[in-house]
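Asks: Have a look at this fold, sequence not included:
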C-alpha cells in the first residue's frame with residue numbers, strides 16, 4: 001500500500017486533469033468549490049450570479065490548467081482565475097463605472113469599532129454583500145485581496161481616483177450600516 005501526501009495527490013490530480021481526466025477534474029472541483037464559491041459570492045453579491053461565475057471559473061480553470069507551473073499555491077493560482085472571472089462579468093455589465101470623485105475620507109468612529117469587534121465574520125460578509133456591485137468589487141479587491149488602487153484601476157479599466165472613490169463610498173456605506181446595528 002502506497003501512501004501519498006496531500007500535495008502529491010493534488011499534483012497527480014492536476015496532471016491527470018491536464019490530460020482531460022474527468023475524475024481528476026471532479027476531485028479538484030470538490031476540493032476548491034466551497035472556497036471559490038465564497039470568493040464568487042463576495043464579488044457578485046447574490047447566489048445565482050455567484051453560481052454562474054463559479055461554473056465559468058471552473059471552465060476557465062480546466063482550460064488553463066496546463067499553464068499552472070507548479071510554482072506557488074495551486075489554490076492561489078485558482079483564486080486568481082475566479083476573481084478575474086467575476087471581474088470580467090462585472091465589467092461586461094458595466095457596474096463599475098458609476099462613481100463620483102470625493103475629496104475627503106471619513107473614518108469609522110470609535111463607537112463603530114466596538115460594534116465591529118463584536119461582529120462575526122459572516123455578519124461582516126453579509127454587510128459587504130449588500131453593497132452596490134462597484135463598491136463591493138473595489139472593497140473586496142483592496143481590503144480582502146490586497147490589490148493597490150493602481151492594480152484595481154488596471155484590472156477594471158477605471159481610473160485610480162474612481163477606485164479610491166468606490167472604496168471610500170463602500171466604507172461610508174458600511175459605516176452607516178454598522179451605526180444602524182448599535
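Replies: Done, it's in. All figures in this text were calculated on a predicted structure; none of them were measured in a lab.

Asks: domains of the chain?
Replies: Taking automatic domain parsing as the reference, the chain has its domains at 6-92, 110-181.

Asks: Which of the ones you listed has the lowest mean pLDDT?
Replies: Note on these: domain 110-181 shows the lowest mean pLDDT, a mean of 82.

Asks: in stretch 130-145, what counts as buried?
Replies: 131, 133-142, 145 (16 or more other C-beta atoms under 10 Å). The C-beta positions use only the backbone N, C-alpha and C, and glycine is treated the same way.

Asks: Equivalent analysis for stretch 28-42, please.
Replies: 28-29, 31-32, 36-37, 39-42.

Asks: Show me what that stretch is in contact with.
Replies: 10, 13-14, 17, 47, 49-51, 53-54, 57-58, 61, 75, 78-79, 82-83, 85-86, 125, 128-129, 136, 140, 144 (C-beta atoms under 8 Å, 6 or more residues apart in numbering).

Asks: Let's see which of those residues end up in strands.
Replies: Among those, no member falls in strands (DSSP state E).

Asks: Helices of the protein, residue ranges please.
Replies: 6-18, 22-44, 47-64, 74-92, 110-118, 121-129, 133-139, 149-156, 160-181 (DSSP state H).

Asks: Single out the most deeply packed of those.
Replies: helix 133-139 (a mean of 24; mean count of other C-beta atoms under 10 Å).

Asks: Which elements pack onto that one?
Replies: helix 22-44, helix 74-92, helix 121-129, helix 149-156, helix 160-181 (3 or more C-beta pairs under 8 Å, 6 or more residues apart in numbering; DSSP states H and E).

Asks: Residues in contact with the fourth one: which ones?
Replies: With C-beta under 8 Å, 6+ apart as the test, helix 149-156 has contacts from 84, 87, 90-91, 96, 137-138, 141-142, 147, 158-160, 162-164, 167.

Asks: Apply 10 Å and report the result again.
Replies: Around helix 149-156, the neighbours that count as contacts under C-beta atoms under 10 Å, 6 or more residues apart in numbering are 83-84, 87-88, 90-91, 96-97, 134, 137-138, 140-142, 145, 147-148, 158-167.

Asks: Spell out for me which residue occupies the centre of this structure.
Replies: residue 39 (4.0 Å; C-alpha atoms, centre = their mean).

Asks: How much space separates that one from residue 21?
Replies: Separation of residue 39 from residue 21 (C-beta to C-beta, to the nearest Å) stands at 25 Å.

Asks: before we move on, what about residue 27?
Replies: 9 Å.

Asks: Need the overlap of contacts for these two.
Replies: In contact with both residue 27 and residue 21: 12-13, using C-beta under 10 Å, 6+ apart.

Asks: List the contacts of residue 86.
Replies: Contacts of residue 86 (C-beta under 10 Å, 6+ apart): 36, 39-44, 49-50, 52-54, 56-57, 137, 140-141.

Asks: In CSV, list the helices and strands packed on helix 133-139 along with distance to residue 65.
Replies: CSV is the format used below for the helices and strands packed on helix 133-139 (distance: least, C-beta to C-beta, whole Å):
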stretch, distance to residue 65
helix 22-44, 8
helix 74-92, 9
helix 121-129, 29
helix 149-156, 22
helix 160-181, 31
